[in-house]
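A.B. asks: kindly return the folded structure for what I paste below:
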Amino acid sequence: MRPALQDQLLDELACYLRPPGQGIHAVSTGKAQLEAKTRAYLGPSWDPGRAWREQLEAVVDADVAMLAIPSDTGAGIMRGAARGPEAIRATLGRAPVLDLGDVFSIPQLLDEDMISAAQRERSQDAIWPALPVAQRRGMPVSPLGMAERVRRLLQQLAPQLRLFMIGGDHTVTWPVLAPLLEGDTRDLGIVHFDAHTDLLPERLGVTYCFATWAYHANLALGGGQRMIQIGIRASGHPRAHWEATQDVRQIWADEARALEPAALAAQVVDHLRARGVRRVYVSNDIDGTDARFAAACGTPEPNGLLPTQVQAVIEAVGAAFHVIGADLVEVAPGLSLDHELAEETLKTSFGYTLATLRAMGANPQE
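C.D. replies: Just a heads-up that it's a prediction; the model follows:
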């Protein structure tokens with residue numbers, strides 16, 4: 001890539017990203033606390049006065065990186081997952097791989113199609129006052145719009161990069177997954193842990209949100225039961241309905257809980273192999289896990305998957321396929337009034353994060 005083009009792409013990328021923990025806008029209240037957490041995570045060498053763009057240059061040669069989208073505007077029951085990345089990073093202690101930081105998120109916005117032209121211009125002027133007007137007029141301002149643009153810029157800068165995204169509610173899976181679903185997807189599969197199907201075409205007229213992303217992902221994938229959903233137990237329709245109408249494969253929670261972790265993992269791998277899958281995206285909604293281990297989320301559900309089962313599937317998928325991307329979403333520590341349950345959720349998230357990074361070929365330090 002020509003140096004001038006690389007610089008141009010990095011310049012734009014830096015417009016959308018902030019250092020880890022800084023994607024939630026704070027002016028006075030909470031700013032010092034956020035900066036303290038960022039410093040603890042990145043280490044004493046982090047200088048808040050230094051342009052984050054300098055840190056982003058390392059992505060050009062990276063194989064695996066982390067990215068956060070601290071947005072819960074697309075949640076449908078309880079909001080709180082915007083603080084998930086902050087809590088997950090605190091549990092990790094230090095960045096286990098290159099961390100690209102946060103997609104800057106205006107909490108009142110969701111998607112570009114839901115914003116008036118006047119609102120978009122006002123937000124552009126507020127976020128990037130130093131940019132030429134003509135340049136900022138072409139830039140997205142919503143969390144989904146910016147996240148998708150970030151993913152596309154990363155594809156140009158580092159085609160080899162595999163991204164582990166932490167959310168945010170489950171809506172934020174869509175903008176990082178959508179660019180990966182373009183082109184030939186015949187060998188691509190999606191492993192989806194969740195208590196819910198997320199297979200609605202729209203919800204209350206909203207196209208992309210926590211309840212619809214899987215529908216649109218499976219549509220782009222082309223069906224063929226190459227999306228396998230594990231842990232489902234809160235649905236208005238039985239499994240037969242979803243498998244027949246959406247051409248997905250589901251392993252409901254009661255079916256999964258009857259299996260040992262290794263047996264569940266083998267079933268998932270065998271199913272995907274039989275359909276010619278070679279590449280996999282893993283999307284992990286924390287509420288797919290039993291509420292005893294994942295109560296701090298918007299919709300905790302009992303009788304779910306055990307953490308050992310989820311980790312076994314992730315590890316087996318990583319061993320059998322090329323994991324091109326993954327996410328962990330819906331962690332919302334502030335929604336649990338029980339401190340011990342919140343800590344248990346973060347312990348579960350810690351294990352999932354390291355297991356997923358290993359499945360993607362990274363070697364994170366525990």
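A.B. asks: contacts, neighbours, all on C-alpha from now
C.D. replies: Fine.
A.B. asks: low pLDDT regions in this structure?
C.D. replies: 365-366 (pLDDT under 70).
A.B. asks: so where do the strands sit in it?
C.D. replies: 17-18, 64-69, 98-103, 162-167, 188-193, 227-232, 249-252, 279-285, 322-329 (DSSP state E).
A.B. asks: turn those into TSV, columns for mean neighbour count and distance to residue 91.
C.D. replies: Shown next, in TSV, are the strands of the chain (neighbours: other CA atoms under 10 Å; distance: least, CA to CA, whole Å):
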stretch	mean neighbour count	distance to residue 91
strand 17-18	24	20
strand 64-69	26	15
strand 98-103	24	15
strand 162-167	26	13
strand 188-193	25	21
strand 227-232	27	25
strand 249-252	22	30
strand 279-285	24	18
strand 322-329	25	14
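A.B. asks: distance to residue 26 added to those, as a markdown table?
C.D. replies: Shown next, in a markdown table, are these (distance: least, CA to CA, whole Å):
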| stretch | distance to residue 26 |
| --- | --- |
| strand 17-18 | 12 |
| strand 64-69 | 16 |
| strand 98-103 | 14 |
| strand 162-167 | 18 |
| strand 188-193 | 33 |
| strand 227-232 | 37 |
| strand 249-252 | 41 |
| strand 279-285 | 27 |
| strand 322-329 | 22 |
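A.B. asks: export stretch 85-100 to PDB, keeping only CA atoms.
C.D. replies: Output of stretch 85-100 as PDB, limited to C-alpha atoms (Å, rounded to 0.1, in the frame of the first residue of the first chain):
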ATOM      1  CA  PRO A  85     -16.000  -3.000  27.700                       C
ATOM      2  CA  GLU A  86     -14.800  -0.900  30.600                       C
ATOM      3  CA  ALA A  87     -15.600  -3.700  33.100                       C
ATOM      4  CA  ILE A  88     -14.100  -6.500  30.900                       C
ATOM      5  CA  ARG A  89     -10.900  -4.600  30.400                       C
ATOM      6  CA  ALA A  90     -10.600  -3.900  34.200                       C
ATOM      7  CA  THR A  91     -11.000  -7.700  34.700                       C
ATOM      8  CA  LEU A  92      -8.300  -8.400  32.200                       C
ATOM      9  CA  GLY A  93      -5.900  -6.000  33.900                       C
ATOM     10  CA  ARG A  94      -3.800  -5.200  30.900                       C
ATOM     11  CA  ALA A  95      -4.400  -5.400  27.200                       C
ATOM     12  CA  PRO A  96      -3.900  -9.100  26.200                       C
ATOM     13  CA  VAL A  97      -3.400  -8.200  22.500                       C
ATOM     14  CA  LEU A  98      -3.300  -4.900  20.500                       C
ATOM     15  CA  ASP A  99      -6.300  -2.900  21.600                       C
ATOM     16  CA  LEU A 100      -7.600  -0.400  19.100                       C
END
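A.B. asks: which residues does it contact?
C.D. replies: Residues from elsewhere that reach stretch 85-100 (CA atoms under 8 Å, 6 or more residues apart in numbering): 17, 19-21, 37, 40-43, 55-56, 58-59, 62, 64-70, 166-168, 331, 333, 346-347, 349-350, 362, 364-366.
A.B. asks: tell me how far it lies from the chain's centre.
C.D. replies: Taking CA atoms, centre = their mean, to the nearest Å, the mean C-alpha location of stretch 85-100 is offset from the chain mean by 14 Å.
A.B. asks: give the phi and psi angles for the residue nearest to residue 43 when sequence neighbours are not counted, as a check.
C.D. replies: With sequence-adjacent residues excluded and distances taken as CA to CA, 6 or more residues apart in numbering, residue 43 is closest to residue 94, at 7.4 Å. Backbone geometry at residue 94, expressed as degrees, to the nearest 10, gives phi -130, psi 160.
A.B. asks: same question for the one 10 residues further on.
C.D. replies: Backbone torsions for residue 104, taken as degrees, to the nearest 10, come to phi -60, psi 130.
A.B. asks: isn't it right next to residue 140, touching?
C.D. replies: No. In this structure, residue 104 is not within contact of residue 140 by CA atoms under 8 Å, at 11.0 Å.
A.B. asks: neighbour count: those two, which is higher?
C.D. replies: residue 104 (26 against 20; other CA atoms under 10 Å).
A.B. asks: next, count neighbours for the closest residue to that one other than its chain neighbours.
C.D. replies: Of all residues not flanking residue 104 in the chain, residue 23 sits nearest, at 4.2 Å (CA to CA, 6+ apart). Neighbouring residues of residue 23 were enumerated by other CA under 10 Å; the total is 24.
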